[in-house]
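Engineer: Give the three-dimensional model of this entry:
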Amino acid sequence: MKKQLLMLTFLLSWMSAIAHDASSPNGLLTVKEKNAGFVISYRKAPVLEIPSVGIDGPVQLQYVQQIKADYQMLAGKRLHCTNEANEYRSGSLLLRVYNNGIAFRIDYSSTLQTPPSTIYRIPEGMKRWMQQWTEAYEGFFPESTTCKVKPEPSFSGVFKSAEGWNNRWGYPALLEPVPNVFVLLSEANIERGQSASCLYNDGELFRTVADPCASNHTPWRVAMVGTLADIVESTLITDVADPCQYDDVSWIHPGVVSWIYWAYNHGSNDYSIIKKYVDMAETLHLPYVLIDAEWDDMSKLASNEGKTIEDAIAYAKSKGVKPLIWYNSSVGWIDGAPGPKFRLNNPEDREREFAWCEKLGVAGVKIDFFSGDNQKNMDYCIDLLKSAARHHLLVNFHGATIPRGWQRTYPNLLSTEGVYGAEWYNNVPTFTKKAARHNATLPFTRNVIGPMDYTPCTFSDSQHPHITSHGHELALTVLYESGLQHLADRPESYLSQPKEVQDFLSSLPAAWDETRLIAGYPGEYVIMARRSGKKWYLAGINGTDDVKEVPLSFEGKNVTLITDDPEKSHAWHIEKQKKVPKSVIFRPRGGLCYIWEIR
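Structural biologist: Next comes the predicted model:
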């Protein structure tokens with residue numbers, strides 16, 4: 001009898017380890033095995049089919065353990081991050097089912113070199129916001145219900161199906177499989193020896209494709225699932241990333257930056273203009289100034305009277321402003337590109353250059369013009385982050401891939417471009433009419449996965465005009481999360497604004513204790529509330545050309561409202577109010593900010 005009981009206990013434990021319906025700890029998400037893949041359901045409704053995860057044979061999930069994430073960030077949408085998941089395994093597949101999505105990766109032989117592919121089914125008719133792949137991830141996320149989209153001719157390299165449709169797509173990809181339920185696809189935790197992947201499609205089947213690499217497992221493939229608030233507030237990308245690699249992070253400080261390039265469509269070889277941006281940073285109490293490209297040519301400009309980058313750095317420090325300086329990565333755009341070049345490519349030169357920066361008192365570096373997200377570039381980025389950290393330098397990657405969790409592992413990475421941002425007003429006239437809708441899409445797509453150096457808040461015009469309102473532009477500084485938030489406009493533009501607007505910029509946080517999506521829909525409008533310490537910022541923008549009234553349900557007392565004048569274009573309406581109202585009215589392409597302190 002005892003022997004029979006032991007056998008029954010063994011059988012029951014063995015059977016319980018086989019979970020044909022894996023589930024999240026809160027039970028809202030389930031994953032059901034289906035041949036070589038599985039189907040994800042949210043509140044019992046199927047929302048994403050993965051016909052093949054990339055392993056040999058059928059998926060047979062076995063429960064392993066419960067995973068709990070509890071860690072601190074130095075920047076981002078939330079400083080204290082928590083999450084939990086149930087972990088399952090099926091042969092070489094490791095799956096985690098979180099309360100707000102899933103993450104999985106696949107082990108494979110390092111002799112294989114090419115990582116196994118995962119296939120996502122995105123049926124025709126399903127609403128989606130997807131970016132055509134481009135090396136620098138600088139594209140739009142247009143709303144669509146089909147994969148039959150013409151390739152963007154301006155992108156470097158056009159990828160077409162046999163029928164002539166674009167067939168290469170970048171992350172993140174936002175889907176709405178059923179009304180008011182969303183899925184965001186991306187990946188996380190790129191390690192040394194790995195390359196990033198993108199999506200190639202054949203009809204409704206979208207396959208992950210990565211370059212050959214020297215790893216024995218894939219990065220985490222991530223699908224956030226839930227309401228729009230679940231997506232926007234998710235920290236799943238950093239939840240699955242490796243923990244911080246540094247013992248000392250006391251020198252890492254997010255902050256707002258004055259930035260020269262947008263206004264002049266030129267680098268930083270003019271010492272007198274650099275001084276203007278330093279002086280603006282001092283006046284507005286901004287901690288940083290970015291000295292952009294061409295600073296290595298400063299001494300060649302006769303009007304500088306022999307001034308050099310050392311003089312510019314010294315001037316910034318004398319005003320209490322920390323300088324950041326720009327480098328060409330020298331692996332992407334080199335011929336015809338600005339310098340300095342070839343100073344970071346080999347380890348000895350890199351260490352010498354970063355030691356020189358540290359000695360002069362440079363606070364960080366902006367490194368630009370990478371050549372995609374293959375293993376070579378990924379390894380190079382990791383080497384740059386580690387070397388910069390040894391010399392207490394913050395990092396901003398430009399012309400580079402999107403965030404994939406490095407902001408947790410290497411927290412001196414405070415921002416990354418990988419976005420079609422305000423810089424494009426300098427390049428082509430396209431952005432003028434598309435900006436408002438694009439701006440109202442980014443909080444649901446690109447900025448969900450990590451810091452985004454959009455360079456927001458321009459009240460004047462650059463090479464091509466903008467038709468978004470002042471309130472819209474100011475709201476972007478809150479809506480867009482970036483550990484280094486670059487203000488792109490001219491000093492005289494900011495310093496001519498009302499005192500309340502200048503005070504807003506002076507006290508603007510670049511890291512947030514808490515983030516909440518209040519209302520919105522991709523491309524139409526977005527309202528978010530972010531908290532830093534005891535101060536709340538509620539910001540919203542209208543992505544459409546129509547007047548829009550939006551209900552609000554957020555408590556706040558003794559608030560300051562900064563918004564658009566309802567009668568005059570590019571003018572302000574500023575007032576004190578007893579509380580956040582029950583609804584707000586946006587001008588076409590307009591915006592607003594409410595600010596208050598918790599008493």
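Engineer: make it CA atoms for all contacts and neighbour counts henceforth
Structural biologist: Noted.
Engineer: Okay, strands next: where are they in the stretch 351-500 of the chain?
Structural biologist: For the stretch 351-500 of the chain, strands defined by DSSP state E, counting those that start in this stretch occupy the ranges 364-368, 394-397, 413-416, 484-487.
Engineer: contact partners of the second one?
Structural biologist: Among residues not part of strand 394-397, those counted as contacts by C-alpha atoms under 8 Å, 6 or more residues apart in numbering are 252, 363-368, 385, 388, 412-417, 484.
Engineer: cool, and the longest one?
Structural biologist: Contacts made with strand 364-368 from outside it, assessed by C-alpha under 8 Å, 6+ apart, are listed as 323-329, 392-400.
Engineer: Residue 532: which of these is nearest?
Structural biologist: residue 394 (21.1 Å; C-alpha to C-alpha).
Engineer: what residue ranges in this protein score low on pLDDT?
Structural biologist: 1-20, 110, 156-158 (pLDDT under 70).
Engineer: tell me the contacts of the nearest residue to residue 212 once chain neighbours are set aside?
Structural biologist: For residue 212, ignoring the flanking residues on the chain, the nearest one in space by C-alpha to C-alpha, 6 or more residues apart in numbering is residue 114 at 4.4 Å. With contacts defined as C-alpha under 8 Å, 6+ apart, the neighbours of residue 114 are 210-213.
Engineer: want to throw these into CSV with neighbour count, distance to residue 172 and secondary structure?
Structural biologist: Formatted as CSV, the contacts of residue 114 follow (neighbours: other C-alpha atoms under 10 Å; distance: C-alpha to C-alpha, whole Å; DSSP: H, G, I helix; E, B strand; the rest coil):
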residue, neighbour count, distance to residue 172, secondary structure
210, 20, 15, strand
211, 16, 18, coil
212, 16, 21, coil
213, 21, 22, coil
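Engineer: what's the distance between residue 39 and residue 135?
Structural biologist: Remark: distance between residue 39 and residue 135 (C-alpha to C-alpha, to the nearest Å) = 31 Å.
Engineer: Compare the two (neighbour count), which wins?
Structural biologist: The residue with more neighbours, out of residue 39 and residue 135, is residue 135; 20 against 16, by other C-alpha atoms under 10 Å.
Engineer: pretty sure that one contacts residue 369?
Structural biologist: No: contact criterion C-alpha atoms under 8 Å: residue 135 and residue 369 do not qualify, at 9.7 Å.
Engineer: Let me see the ranges of the helices in this structure.
Structural biologist: For the chain, the helices defined by DSSP state H cover 2-16, 228-233, 236-239, 261-264, 271-283, 309-318, 347-360, 375-390, 406-409, 431-439, 470-479, 491-495, 499-506.
Engineer: Other residues contacting stretch 34-41?
Structural biologist: 29-33, 46-59.
Engineer: Drop the exposed ones from those residues and show what's left.
Structural biologist: For the contacts of stretch 34-41, a neighbour count by 16 or more other C-alpha atoms under 10 Å gives the buried set as 29-33, 46-55, 58-59.
Engineer: Overlap of the contact sets of residue 135 and residue 369?
Structural biologist: Common neighbours of residue 135 and residue 369 (criterion: C-alpha under 8 Å, 6+ apart): 399-400.
Engineer: quick revisit: figure out which of the helices of the chain is closest to residue 222.
Structural biologist: Closest approach to residue 222 among the helices of the chain (C-alpha to C-alpha): helix 236-239, 7.4 Å.
Engineer: Now do the buried residues in that closest one.
Structural biologist: 236-239.
Engineer: Please apply the same query to stretch 201-211.
Structural biologist: So stretch 201-211, judged by 16+ other C-alpha under 10 Å, has buried residues 201, 203-211.
Engineer: now swap in stretch 348-365 and tell me
Structural biologist: By 16+ other C-alpha under 10 Å, the buried positions in stretch 348-365 come out as 350-351, 353-355, 357-358, 361-365.
Engineer: Which residue comes closest to residue 511 once chain neighbours are left out?
Structural biologist: Using C-alpha to C-alpha, 6+ apart and skipping the chain neighbours, the partner closest in space to residue 511 is residue 75 (4.5 Å).
Engineer: With residue 537 instead?
Structural biologist: residue 595 (4.8 Å).
Engineer: so the one you found sits right up against residue 538, yeah?
Structural biologist: Yes: using C-alpha under 8 Å, residue 595 makes contact with residue 538 at a distance of 6.5 Å.
Engineer: Mind checking which of these two has more residues around it?
Structural biologist: The neighbour comparison of residue 595 against residue 538 (other C-alpha under 10 Å) goes to residue 538, with 26 against 22.
Engineer: Distance check, the residue nearest to residue 537 against residue 300.
Structural biologist: 46 Å.
Engineer: same thing with residue 91?
Structural biologist: Distance from residue 91 to residue 300, by C-alpha to C-alpha: 62 Å.
Engineer: What is the neighbour count of residue 394?
Structural biologist: For residue 394, the tally of surrounding residues (other C-alpha under 10 Å) stands at 26.
Engineer: So in terms of bridging, what pairs with it?
Structural biologist: residue 364 (DSSP bridges).
Engineer: on that earlier part again, biggest separation within the contacts of strand 394-397, which pair?
Structural biologist: 252 and 368 (20.7 Å).
Engineer: Give me the spatial nearest neighbour of the residue most central in space within the chain, chain neighbours excluded.
Structural biologist: Taking C-alpha atoms, centre = their mean as the criterion, residue 450 is the residue nearest the geometric centre of the chain, at 3.1 Å. Closest residue in space to residue 450, ignoring its immediate chain neighbours: residue 403 at 5.4 Å, by C-alpha to C-alpha, 6+ apart.
Engineer: go on, residue 120?
Structural biologist: In space, and not counting its chain neighbours, residue 120 is closest to residue 50: 4.6 Å by C-alpha to C-alpha, 6+ apart.
Engineer: who touches that neighbour in this structure?
Structural biologist: Here residue 50 is in contact with 37-39, 118-121 (C-alpha under 8 Å, 6+ apart).
Engineer: redo that, cut-off 6 Å
Structural biologist: 37-38, 119-120 (C-alpha atoms under 6 Å, 6 or more residues apart in numbering).
Engineer: any idea how far it is from residue 448?
Structural biologist: 22 Å.
Engineer: Kindly report the same for residue 236.
Structural biologist: Per C-alpha to C-alpha, residue 236 is found 10 Å from residue 448.
Engineer: likewise residue 523?
Structural biologist: Residue 523 sits 15 Å away from residue 448, going by C-alpha to C-alpha.
Engineer: isn't residue 288 right next to residue 319, touching?
Structural biologist: No: applying C-alpha atoms under 6 Å as the test, residue 288 and residue 319 come out as separate, 10.7 Å apart.
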